[in-house]
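[1] After the sequence you'll find the predicted model.
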Amino acid sequence: MFDKLFKNNDDNRDCTPEENNANQQVQGNEDVLTPSQAQDYWAKIASKVIVSATNCVDHMAERIFILISFDEKSPTMDIFFQMNGQIRMWNDLDNPQQKKVIYQSLLPQAVNVVKQVNNLYDRADVTRIAYSQIQFEFESKTWYLHDISQASMEAQLDKEAAFLKWFDDVSREIKNLAVDSEQKITWGPFKPHNH
């Protein structure tokens, strides 16, 4: 699933010339990386996480919400979906095959994602990410990324409680939104008071 995401330098056949050049710059200069390059590369990784999550549910999700914890000792990826107008945790989905693919193929990738992004941010001499949230709206293909720096107050939140609060907040907010709204939805306690 993530083979292309973490490919080696010699395997750039599927890239455009611009992507190939960017990959060589990011991967080739192990000790030199600007903050902007680190953030851009992280956004590319996040977009691949979205594609993988969408594939796991056979493109049936209306919206996808992902929380990644960048704790090196215990990296995690927590996911919930909007399907048929309802918000559901990944492990509450009706399709057992989808749950199996998420559990076996997507969630374990948190380790690789966190390792890669932490390395990028270290090379750019930027404060690491504590948490990152991703929202994706299938109909419009719109997606949003919200990073919580280790230096922010929100980095101190209890992950489980904050994730469940985000789930509840999203459940309330989507009742009034069309599935193609192209609108950022609440980040819950990870970004209080605004979207």
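    All right, it came through fine. Residues are numbered from 1 along each chain as shown.
[2] When you work out contacts or count neighbours from here on, use the C-alpha atoms and nothing else.
    OK.
[3] Could you point out the longest helix of the protein?
    Counting by DSSP state H, the longest helix found in the chain is helix 35-56.
[4] Ignoring the adjacent residues along the chain, who's closest to Q133?
    With C-alpha to C-alpha, 6 or more residues apart in numbering as the criterion, Q133 has its nearest non-adjacent residue at 4.6 Å, and that residue is L67.
[5] how far out from the middle of the chain is the helix or strand where that neighbour lies?
    Assigned by DSSP states H and E, L67 falls within strand 63-69. Offset of strand 63-69 from its chain centre (C-alpha atoms, centre = their mean, to the nearest Å): 6 Å.
[6] Tell me which residues are up against it.
    Contact with strand 63-69 is made by 50, 53-54, 75-83, 110, 114, 130-138, 159, 163, 179, as judged by C-alpha atoms under 8 Å, 6 or more residues apart in numbering.
[7] again with stretch 129-145
    Defining contact as C-alpha under 8 Å, 6+ apart, one finds that stretch 129-145 is touched by 43, 46, 50, 59, 61-71, 118, 146-150, 155, 179-182, 184-185, 187.
[8] Out of those residues, which end up buried?
    Applying 16 or more other C-alpha atoms under 10 Å to those, the neighbour count classes 43, 46, 50, 61-71, 118, 147-150, 155, 179, 182, 185, 187 as buried.
[9] quick one, strands of this protein?
    In the chain, the segments counted as strands under DSSP state E are 63-69, 76-83, 86-89, 129-137, 142-149.
[10] Can I get the ones you listed in CSV including distance to V32 and mean pLDDT?
    Shown next, in CSV, are the strands of the chain (distance: least, C-alpha to C-alpha, whole Å; pLDDT from 0 to 100):
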stretch, distance to V32, mean pLDDT
strand 63-69, 25, 97
strand 76-83, 28, 97
strand 86-89, 40, 96
strand 129-137, 19, 96
strand 142-149, 21, 95
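[11] and D168, which of the ones you listed is closest to it?
    Across the strands of the chain, D168 has its closest neighbour in strand 86-89 (9.0 Å, C-alpha to C-alpha).
[12] Dump the strands of the chain into a markdown table; add distance to Y103 as well.
    As requested, those are exported to a markdown table (distance: least, C-alpha to C-alpha, whole Å):
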| stretch | distance to Y103 |
| --- | --- |
| strand 63-69 | 14 |
| strand 76-83 | 10 |
| strand 86-89 | 12 |
| strand 129-137 | 18 |
| strand 142-149 | 22 |
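[13] between those strands, which one is nearest to E173?
    Of all the strands of the chain, it is strand 86-89 that lies closest to E173, at 10.6 Å by C-alpha to C-alpha.
[14] who does that closest one touch, helix- and strand-wise?
    strand 76-83, helix 159-173 (3 or more C-alpha pairs under 8 Å, 6 or more residues apart in numbering; DSSP states H and E).
[15] quick one: the last one to strand 129-137, angle?
    Here the directions of helix 159-173 and strand 129-137 differ by 20 degrees (axes from the mean of the first three to the mean of the last three C-alpha atoms, to 10 degrees).
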